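K.L.:
fold the stuff below for me.
(2 chains)
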2 protein chains.
Amino acid sequence: MEKAVIDELVTIFGQSNVLTDREDMIAYSYDAAPVEVEPEAVVFPTTTEQVSRLMKLAYRVEVPVTPRGQGSGLSGGSIPLKKGIVLCMDRMTKVIEFDPANRLISVEAGLTTSDIDPIAAEAGLFYPPDPGSVAFSTIGGNVAENAGGLRGLKYGVTKDYVKMLTVVLPQGDIVKLGSKCVKHVAGFNTELMFVGSEGLLGIITEVTLALLPIPKHRESALAIFNTLDDAAQTVSDIIAAGVTPSTMEFMDNATLNAIQNFKDCGLPRDAEAVLLIETDGEEHSAKAEMVIVQSQVEKNNSRDFKIAQSTEERDKLFAGRRVALNALASVRPNLILEDATVKRSVLPEMVRGIIAIAQKYNIQVGIFGHAGDGNLHPTFLIDQKDKEEMARCHKAVDELFQLAIDLDGTISGEHGIGLEKKPYLENQIGAAGIKILQDFKRMFDPKNLLNPGKMFDMPGESA
Amino acid sequence: MEKAVIDELVTIFGQSNVLTDREDMIAYSYDAAPVEVEPEAVVFPTTTEQVSRLMKLAYRVEVPVTPRGQGSGLSGGSIPLKKGIVLCMDRMTKVIEFDPANRLISVEAGLTTSDIDPIAAEAGLFYPPDPGSVAFSTIGGNVAENAGGLRGLKYGVTKDYVKMLTVVLPQGDIVKLGSKCVKHVAGFNTELMFVGSEGLLGIITEVTLALLPIPKHRESALAIFNTLDDAAQTVSDIIAAGVTPSTMEFMDNATLNAIQNFKDCGLPRDAEAVLLIETDGEEHSAKAEMVIVQSQVEKNNSRDFKIAQSTEERDKLFAGRRVALNALASVRPNLILEDATVKRSVLPEMVRGIIAIAQKYNIQVGIFGHAGDGNLHPTFLIDQKDKEEMARCHKAVDELFQLAIDLDGTISGEHGIGLEKKPYLENQIGAAGIKILQDFKRMFDPKNLLNPGKMFDMPGESA
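P.N.:
Down below sits the predicted model:
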């Protein structure tokens, strides 16, 4: 990068908020996806105005800019693929306004998502989306990826809570989108175009989120099944009985064994499936729902069903689920964590299909995830140094995504497209779908400078 | 319109689905807003393919097309302002798929919204958004306007239930957007761009909606207050106590008197405000919430509080609210029903401000609406033949919208911008906000042929 550009960055951000040393670049060359590209500079804004000045500079000198939160994304969204400048938002962490009367909180985009709840809790409120990264990912990153989590079935995902955004557009304009009102129909839903846009359309600098009252009570239970079909039928029957659990987590036999090898969590090695189910709300209501859950579990031949009688018992029931990913990670040197998602009615077909694909390519797989959402995390256990195994694994992943598409599902439930799933997106949404995304991108970013090369290629751009 | 174009319309739609007679045009020249423009032809598609062929024709011969459901919109969205063709969707009424296992229903856009619930109810499900027009408006119109209703605070609005859309773009491409999955992050949230787009960006032909389990129980109550501030404080205190009522309707003194003059509903003529409050869910939970409601109502000096003990008693408590609009309509020859919306924390300022504006311009006003949403319906009672009064009323409406904007609210909570609020939109979202809307419009509809002249002007277009 030219020295004149770096000098301008220093003018905008101050010397202490601009990095250009090689060793610093390495730290910003990767996120939680297995790709590495070093940027040429990293900047740390503390105001929206600075972000605007940066984009005006980038547009003038035609340097790519890649926004980044905490680099915890799973699809490569924050990799500076075309080099240039990494715009690291993690020093914009202010709470702008907590407004309990309207159940709203406005924060800067770099705030860690889990920092919201302690503030909200002072007024008996909480922020429902709870991605696995909630303790370290930024709220701006969550919005850019439309993050999900365990409570999606009952509480929805990030987009269901975004009320207003302050966005710096690629050419430097600052816009405030959305409304703090419960109802608002003045103009298009422009703010929702930026939710899940993966940093391609603008830089989110401030977020106003809706909050909900903390449920007064929670019931937690573990159900063990001899067969996958019994577990899947239970999920369907609970939904059909009109219950919407706040959590309905699934773990398959391979995951159970990986957990037990990792740490004894009291889980059965011979069960085909386990469900962790929670209901919440007013105490009587949560308990009444759990009674219905129990009846559906027992109707479907569960071999064991335990309701936690205390927080300690709840922690014990959930201990296996909490270590599941680490346990699977310990089986082989590496893992590939996917999030292909289907309608919950076809979960059994999906799980059987994943197991068949893994067998066909002789790859170890563990399956866990959010059964109520149909949002599974099939996790392939591999050794990246074994080129031959990796080739088989890539074929397995290809077939996994095609299976999700064939079952009318989606290649990504909550991790995003980024670099990881870019080759598969057209299979799902078609050439017409890609064209619309390109049109949106061109409209906002005609020079293709903001997070270029992600999600889809622009015409003339090579993959 | 040239005969050759009409001949092509007949080829596409069949003779019985094309109208061109003058007397037929009059029926499609207006909706529920006070503007009239006659189209040159009206067509009735029965397939998405026909809509696509129409838009290709319209683009070729450069004739404006205005989509229409049942013409029940309140902001003039279906008026064929630039004449041309009205595309009337009310013969596309098929239920495509009811999928209770995934709590989804897919229907054609011309289906009447209230026709969904009887189908959903067979599996214990319901479609929550309930705009006042629910018994006659089409679901496609509801999606295009992002319709609200009485249950917005607890259950949200139309956009919270739209999972997939089939859309014919202005140039004739047919696209399917969104996903049936609970979680889906493959591409931008394009489907949500069409929700509330008022027929400017594309023609919605099919809709897949999320459904919820029917609440097992409902508690209904009426609270009467001597002062407006007591009622407003009660709304705040109920929310602060962690209760989210399914309905929290407000009526002011002028509305109460209009109702009592229209029909004796047992409402007090000297109260400043009445709240109708409902809680729902599991029976014990709904009742427990109503106990909290009652304690907050009584803490705030209510002069009366009644909980309905039966459906009949509920109907009696709600009788006044049901006739409120008709009652206000009977006071003067005409009325102007607005939907300026604010955060509920500033409801008292808003109500006092509206009353002050009405007094300043010597216009009668009644205020009722959805207090939990901050979505009021200030209703100006006027005689359209009285030019001098109309001039005063227009000034009052101008000030009303400015008041909503000054209070950080929105000029439209649920009726849309259309023609009625077009002059006010820039005051709310600014020139930068208008430019983004124009950019979206230009991207989809470069010739400005689909519902032209609504919501905002394109550059060079006159208001």
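
K.L.:
and the helices in the stretch 51-200 of chain A?
P.N.:
In the stretch 51-200 of chain A, the segments counted as helices under DSSP state H, counting those that start in this stretch are A:116-121, A:139-145, A:152-155, A:190-194.

K.L.:
which among the ones you listed is found nearest to residue B:121?
P.N.:
Set against residue B:121 and scored by CB to CB, these come closest in helix A:152-155, at 21.3 Å. Heads up, the C-betas are built off the backbone N, CA and C, glycines and all.

K.L.:
does chain B sit close to that closest one?
P.N.:
Yes. Residues of helix A:152-155 contacting chain B under CB under 8 Å from any CB of the partner chain: A:152, A:153.

K.L.:
near chain B, which residues of the stretch 1-150 of chain A show up?
P.N.:
Residues of the stretch 1-150 of chain A lying near chain B (CB under 8 Å from any CB): A:99, A:100, A:101, A:102, A:103, A:104, A:123, A:124, A:145, A:146, A:148.

K.L.:
so what's the fourth one up against?
P.N.:
When you say that, I think you mean residue A:102. For residue A:102, the contact set (CB atoms under 8 Å, 6 or more residues apart in numbering or on different chains) comprises A:180, B:343, B:344, B:345.

K.L.:
what do you get for the last one?
P.N.:
When contacts are counted by CB under 8 Å, 6+ apart, residue A:148 touches A:129, A:131, A:157, A:158, A:370, A:373, A:375, A:413, A:414, B:183, B:185.

K.L.:
tell me which of these is nearest to residue A:329?
P.N.:
Closest to residue A:329, out of all of these and judged by CB to CB, is residue A:131, at 17.9 Å.

K.L.:
what's the local residue count around the closest residue to that closest one other than its chain neighbours?
P.N.:
Nearest non-adjacent residue to residue A:131, counting by CB to CB, 6 or more residues apart in numbering or on different chains: residue A:147, 4.0 Å away. Other residues near residue A:147 number 30, with proximity taken as other CB atoms under 10 Å in any protein chain shown.

K.L.:
wait, doesn't residue A:147 sit right on residue A:157?
P.N.:
Yes. In this structure residue A:147 lies within contact range of residue A:157 using CB atoms under 8 Å: 6.8 Å.

K.L.:
residue A:432: helix or strand, and which one exactly?
P.N.:
Assigned by DSSP states H and E, residue A:432 belongs to helix A:425-444.

K.L.:
so that helix versus helix B:425-444, what angle?
P.N.:
Counting by axes from the mean of the first three to the mean of the last three CA atoms, to 10 degrees, helix A:425-444 lies at 130 degrees to helix B:425-444.

K.L.:
can you spell out which helices and strands pack onto helix A:425-444?
P.N.:
helix A:387-406, strand B:174-178, helix B:190-194, helix B:425-444 (3 or more CB pairs under 8 Å, 6 or more residues apart in numbering or on different chains; DSSP states H and E).

K.L.:
out of those, which is closest to residue A:330?
P.N.:
Of these, nearest to residue A:330 by CB to CB is helix A:387-406, at 17.4 Å.

K.L.:
in the sheet, who's paired with residue A:210?
P.N.:
residue A:104 (DSSP bridges).

K.L.:
so what touches the strand or helix carrying residue A:258?
P.N.:
Using DSSP H and E, residue A:258 sits within helix A:253-262. With contacts defined as CB under 8 Å, 6+ apart, helix A:253-262 is touched by A:251, A:265, A:267-274, A:320, A:323-324, A:326-328, A:330-331, A:364-368, A:379.

K.L.:
still on that earlier bit, need the max-distance pair from the residues of the stretch 1-150 of chain A next to chain B.
P.N.:
For those, the farthest-apart pair by CB to CB is A:101 and A:145; their separation is 30.0 Å.

K.L.:
more crowded one of the two?
P.N.:
Remark: of residue A:101 and residue A:145, residue A:145 carries more neighbours, 32 against 15, as counted by other CB under 10 Å.

K.L.:
rewinding a little: what does the residue nearest to residue A:131 show for phi and psi?
P.N.:
Torsion angles at residue A:147 (phi, psi; degrees, to the nearest 10) stand at phi -60, psi 150.

K.L.:
quick one: residues contacting it.
P.N.:
Contact analysis of residue A:147 by CB under 8 Å, 6+ apart lists A:113, A:129, A:131, A:133, A:137, A:141, A:157, A:158, A:414.

K.L.:
what's the spacing between residue A:444 and residue A:290?
P.N.:
In this view, residue A:444 and residue A:290 are 47 Å apart by CB to CB, to the nearest Å.

K.L.:
next one: residue A:60
P.N.:
Using CB to CB, residue A:60 is found at 60 Å from residue A:290.

K.L.:
and if you look at residue A:165?
P.N.:
Counting by CB to CB, the gap from residue A:165 to residue A:290 is 38 Å.

K.L.:
could you do residue A:345 as well?
P.N.:
From residue A:345 to residue A:290 the distance is 23 Å (CB to CB).

K.L.:
just the strands in the stretch 151-300 of chain A please.
P.N.:
Ranges of strands within the stretch 151-300 of chain A are A:162-168, A:174-178, A:203-210, A:212-213, A:217-225, A:247-252, A:273-281, based on DSSP state E, counting those that start in this stretch.

K.L.:
surely residue A:34 touches residue A:384?
P.N.:
Yes. Residue A:34 is in contact with residue A:384 according to CB under 8 Å; the separation is 7.3 Å.

K.L.:
anything in contact with each of those two?
P.N.:
The contact lists of residue A:34 and residue A:384 share residue A:334, where a contact means CB under 8 Å, 6+ apart.

K.L.:
the domain parsing of chain A - what is it?
P.N.:
Chain A resolves into domains spanning A:3-88, A:95-213, A:215-326, A:332-424 when parsed by automatic domain parsing.
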